[in-house]
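*Asks:* return atomic coordinates for the entry below.
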Amino acid sequence: MNGHLDLPDLLLAVLGGVALAGVFFLGLWLTVRNLHKSLLAKCLIVPGFIVRAAIVLAGISWLSAGDWRGLLGCLFGFFIGRLLMVRMVVHSFDVEPQSQGVSTR
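*Replies:* Numbering: from 1, shown residues only. Below is the predicted model of the structure:
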């Protein structure tokens, strides 16, 4: 890098941030979904967080290439990826309250 970040590099940083968010929040979702299955899953919450955080921090560090614009691109992509993952999870649980036997009165 010669002091500036080209547009393709910035787009790569944004897309990489989206992918990193997908990895982080998919791992979180799978961990939370499987908490009730065993005691071992409860013991893996903290190590799982550490691994997910390390992957994301290493990915952001590599994708940003030491440039603040690349860092902002990665963080923007991570935020967009988080929004997409939350939307996907909410839609996967989108059911009518009455279909679960819950009274709306």
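*Asks:* please enumerate the helices of this protein.
*Replies:* For the chain, the helices defined by DSSP state H occupy 7-33, 39-43, 45-64, 68-92.
*Asks:* pipe those into TSV and attach mean pLDDT per row.
*Replies:* Listed next are those as TSV, based on pLDDT from 0 to 100:
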stretch	mean pLDDT
helix 7-33	91
helix 39-43	76
helix 45-64	92
helix 68-92	91
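*Asks:* how about the ones you listed in CSV, adding mean neighbour count?
*Replies:* For every residue, glycine as well, the C-beta is placed using N, CA and C. Output for the helices of the chain, formatted as CSV (neighbours: other CB atoms under 10 Å):
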stretch, mean neighbour count
helix 7-33, 17
helix 39-43, 11
helix 45-64, 14
helix 68-92, 16
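*Asks:* ok, the residue positioned nearest the centre of the chain - contacts?
*Replies:* Residue closest to the average C-alpha location in the chain (CA atoms, centre = their mean): Ala21, at 2.6 Å. Shown in contact with Ala21 (CB atoms under 8 Å, 6 or more residues apart in numbering): Val56, Gly77, Phe78, Phe79, Ile80, Gly81, Arg82, Leu84, Met85.
*Asks:* not counting sequence-adjacent ones, nearest residue to Gly16?
*Replies:* The spatially closest residue to Gly16, leaving aside those adjacent along the chain, is Leu63, at 4.1 Å (CB to CB, 6 or more residues apart in numbering).
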